[in-house]
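*Asks:* I would like the atomic coordinates for the input below:
(chains A and B, ligands or ions: 3)
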Amino acid sequence: MAEEEKQVTRHDVEESRSLFTPFNMIAGIFLIVGVILAFKRFTGGLGAVTNLDHNNPWGFWIGFDLLTGVALAAGGYVTAACVEIFGMKKYHAALRPAILTGFLGYSLVVFALLFDVGRPWRLPYPFIVNQGVTSVMFEVGACVALYLTVLFLEFSPAALEWLGMKKVRKLAIRLTMVLTFLGVILSTLHQSSLGAMYLIAPSKLHPLWYSPYLPVFFFVSSIAAGLSMVVFESTLSYKNFRNKMDEEHKKSRNAITIGFGRAASLVLAGYFAIKIFGVALGNHWNLLFTNMGLWFQVEMLGFVLLPCFLYAIGVREKNVKLIRFTAFWTVLGIVLNRFNVSLVAFNWQLPMEARYFPSWMEIGITLFIVTVGLVVFRFIVTRMPIFYEHPEYSTEH
Amino acid sequence: MSTSRRKFLKWMAAAGAAATVPEKLSAHEHFTGYPDSYGVLHDTTLCIGCRSCEAACNEVNDLPEPDKPFDDLSVLKEKRRTDDKSYTIVNKYDVEEHLRSPVFRKFQCNHCLEPACASACFVGAFTKTPEGAVVYDASVCVGCRYCMIACPFDVPTYEYNKALEPRVMKCTMCHPRLKEGKLPGCVEACPMEALTFGKREDLISIAQERIRKYPDRYVDHIYGIEEMGGTSWIYITGAPYEEIGFRTDLGITPAPEFTSGALAMVPIVVGMWPVLLGGIYAISKRKEQIAKKEKEDEVTRAVNENQAKADENLKNTKEKAQKDQEFAVEKAVKKALEEAEKNKDSGKEES
Ligand code: SF4
Ligand code: SF4
Ligand code: SF4
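*Replies:* Ligands and ions are numbered 1, 2, ... in the order given. This next block holds a predicted model:
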């Protein structure tokens, strides 16, 4: 503890003295490489940086930046629903960081899509030129666009407090309830629709992962992802931005960890149950001991059932350390699940040499995007009232 | 799924879609093929793998020069697939167990009756034309490549190496040529009449007739009548389909039906969620209010109690003070009277 404290202060001192902190250096390298790769992408086409081909049109960017990104940004709507709709005011301190993470998360998703789609300047076409309403992707696009706007508005009070624009802020605050409702509805729709996108390809997705209930799976797992992400993010933030947190934030930290851990445990249990139900419904038991089946078991036992138990134990023994570790583990599990659906179990029947594996440049651009996100996050939390209440407004709510 | 349930879901989907784009709707209703549409029958027993169709396709569609010339038959050694430079390819399959000679099979878009690609595209870039061709409009395509994910036959390909205007590339069934009254390039070029162009219904009759006439030559199945809800290109062959590059596990459900259920949930969620969440909100709000009221009541009670106590104290004090005062006055009066009496007495004595 004491050492951590020292580190933080030393870090701060260095930061004010020079730009060459380890974080800045690594971030700088990722950013430079990213800009070069981006140049390559937009001058040479997708083929210049990706391993995508005619059999595998979606790769790492869709699997990680889109599917995982959206799932991990679910903390915003989950926390907003808890605090504003379910009335759990004691988790209030978690709300602003979660909204900010959600807002940045979705912004990055859209940013990443600019790299992935062939003609990014046409992204508004589905809404203004020709509406493909039979497409699940149309629904995803519409919801993500609207939800990004909602998140922007939900986040705006913090920025407005920072800018000292009291009147506009008051207006934005008054919208809170409407925005929360909209946020939950839009999130339900597009979190599930991301899964529904794969419904069209039963012949390409392995039967253990394909199910008519894919949308339900994606939705329920996004709740677990959101809850875990709030805990995980708060752990990281406490390490790095503790000096920005007010007493209330620090005090409610453990309560939030335990409360969200309990909820995540329940959600994961439910998720496990419906996944098993899915296997039973398709009567795919016989597939469980094939190679793909064993991998399915690794995902289900190691990254759903195990964290479900660990959360439960952590909550019962009030072991916040264990809960924090489990949050991290669950986040990994979500990444694994989205990768499995989009990359591992997709096109599973193709011969090995026709399968897709990402190029380092695809991963490089993803790192670039994540780094941009971290830098913006740091910019915001070191300036705006995210981890503390602005003194002028602290008497509200 | 029973018909009534399906109808209901469809109706719900329609209601949801109608809210956004009313006049688009009719185009997306359940659809079982245009009655007089055209198609092509590929009879693999007649195909000799000469690649004339590939050459013709390349020419009529102005596609780029191939890596190896079309008369180079060595490419048949590999299993190829179509790409952004070729809308069609012919592969060779050795099926010694069943036939002495190898089987050649041509790949291109199957022009589904209810195309997965069209239902998946979020900007509606694909159209199933009344002539039977499924055509693509590059002028609206965003390049998301969801059509490629959706197509069960792995047909659409993408110009990955173009930075500015990459397109999805696939066989057009020579729709522009059909409009001019010409045959598709590949059909016209085939020297063996392994490809037959015509009304889909007629083609089915022809295929059935051939199978009936030469039961030893053909497998008793016409691929494409029912697969994925039916395709405009249909096939007959002498070897088991799965051994010559066909997927026989696709089923007969048209692709749009896989997603219609999920899409039908949209209006339900939009309709139900606010009610549910609103209810929860109202309850939690009410709980909050009750809690608040209880707290307030508690406070008022405490305050009132205090007030009462204070009042009583005050009263007591006042009473006491008054008593004290009265007592003092009485005492003073008494004293004064006594004094007066005394004076009187003494005055009497003096005088
Ligand atoms: S074969 Fe594929 S590309 Fe061709 S119409 Fe059918 S779904 Fe579309
Ligand atoms: S790549 Fe183009 S044609 Fe294919 S689904 Fe996307 S927008 Fe539609
Ligand atoms: S129909 Fe036309 S586009 Fe299609 S394979 Fe034949 S020649 Fe090529």
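*Asks:* hey, let's count contacts and neighbours off CA atoms from now on
*Replies:* OK.
*Asks:* quick check, the residue in the stretch 201-350 of chain B closest to chain A?
*Replies:* Using CA to the nearest CA, the closest approach of the stretch 201-350 of chain B to chain A is made by residue B:281 at 4.7 Å.
*Asks:* give me the neighbour count for that residue.
*Replies:* Residue B:281: 20 surrounding residues under other CA atoms under 10 Å in any protein chain shown.
*Asks:* is ligand 1 within reach of the helix or strand where it lies?
*Replies:* Per DSSP states H and E, residue B:281 falls inside helix B:256-350. No - residues of helix B:256-350 are not located near ligand 1 by CA under 6 Å from any ligand atom, the shortest gap being 10.2 Å.
*Asks:* where's residue A:157, which helix or strand?
*Replies:* Element membership of residue A:157, judged by DSSP H and E, is helix A:136-163.
*Asks:* I'd like the average pLDDT over that helix.
*Replies:* Averaging pLDDT along helix A:136-163 gives 92.
*Asks:* just checking, what packs against it?
*Replies:* helix A:92-116, helix A:166-174, helix A:176-196 (3 or more CA pairs under 8 Å, 6 or more residues apart in numbering or on different chains; DSSP states H and E).
*Asks:* now mean pLDDT and distance to residue B:240 too, for those, in JSON lines please.
*Replies:* Below are those laid out as JSON lines (pLDDT from 0 to 100; distance: least, CA to CA, whole Å):
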{"stretch": "helix A:92-116", "mean pLDDT": "93", "distance to residue B:240": "39"}
{"stretch": "helix A:166-174", "mean pLDDT": "87", "distance to residue B:240": "66"}
{"stretch": "helix A:176-196", "mean pLDDT": "92", "distance to residue B:240": "33"}
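*Asks:* from the rest of the structure, what touches whatever helix or strand residue A:295 lives in?
*Replies:* In this structure, residue A:295 sits in helix A:291-297 according to DSSP H and E. Applying CA atoms under 8 Å, 6 or more residues apart in numbering or on different chains, the contact partners of helix A:291-297 are A:208, A:287-288, A:345.
*Asks:* swap in stretch B:59-68?
*Replies:* By CA under 8 Å, 6+ apart, the residues outside stretch B:59-68 that reach it are B:58, B:85-86, B:185.
*Asks:* between these, which sits nearest residue B:291?
*Replies:* Relative to residue B:291, the closest of the contacts of stretch B:59-68 is residue B:85; by CA to CA it sits at 71.2 Å.
*Asks:* and which of the contacts of helix A:291-297 is nearest chain B?
*Replies:* The closest of the contacts of helix A:291-297, once distances to chain B are taken by CA to the nearest CA, is residue A:345, at 13.2 Å.
*Asks:* quick one: residue B:146 and residue B:120 touch, right?
*Replies:* Yes - using CA atoms under 8 Å, residue B:146 is in contact with residue B:120, at 6.4 Å.
*Asks:* so between those two, which is more surrounded?
*Replies:* residue B:120 (30 against 23).
*Asks:* how near is that one to residue B:138?
*Replies:* 15 Å (CA to CA, to the nearest Å).
*Asks:* follow-up on the earlier one: which helices and strands sit right next to the helix holding residue B:281?
*Replies:* With 3+ CA pairs under 8 Å, 6+ apart as the test, helix B:256-350 has helix A:176-196, helix B:3-20, helix B:116-120 packed against it.
*Asks:* touching chain B at all, stretch A:22-40?
*Replies:* No - judged by CA under 8 Å from any CA of the partner chain, stretch A:22-40 and chain B are separated, with a smallest distance of 9.4 Å.
*Asks:* gap between that stretch and the chain center?
*Replies:* In terms of CA atoms, centre = their mean, to the nearest Å, the centre of stretch A:22-40 is set 22 Å apart from its chain centre.
*Asks:* same thing with stretch A:130-142?
*Replies:* So, by CA atoms, centre = their mean, the centroid of stretch A:130-142 is 22 Å from its chain's centroid.
*Asks:* so which residues make contact with that stretch?
*Replies:* With CA under 8 Å, 6+ apart as the test, stretch A:130-142 has contacts from A:125-127, A:189-190, A:193-194, A:196-197, B:17, B:21, B:28, B:119-124, B:140, B:256, B:259-260, B:263.
*Asks:* if we go to 7 Å?
*Replies:* A:126, A:190, A:193-194, A:196-197, B:17, B:28, B:119-124, B:263 (CA atoms under 7 Å, 6 or more residues apart in numbering or on different chains).
*Asks:* great, nothing more from me.
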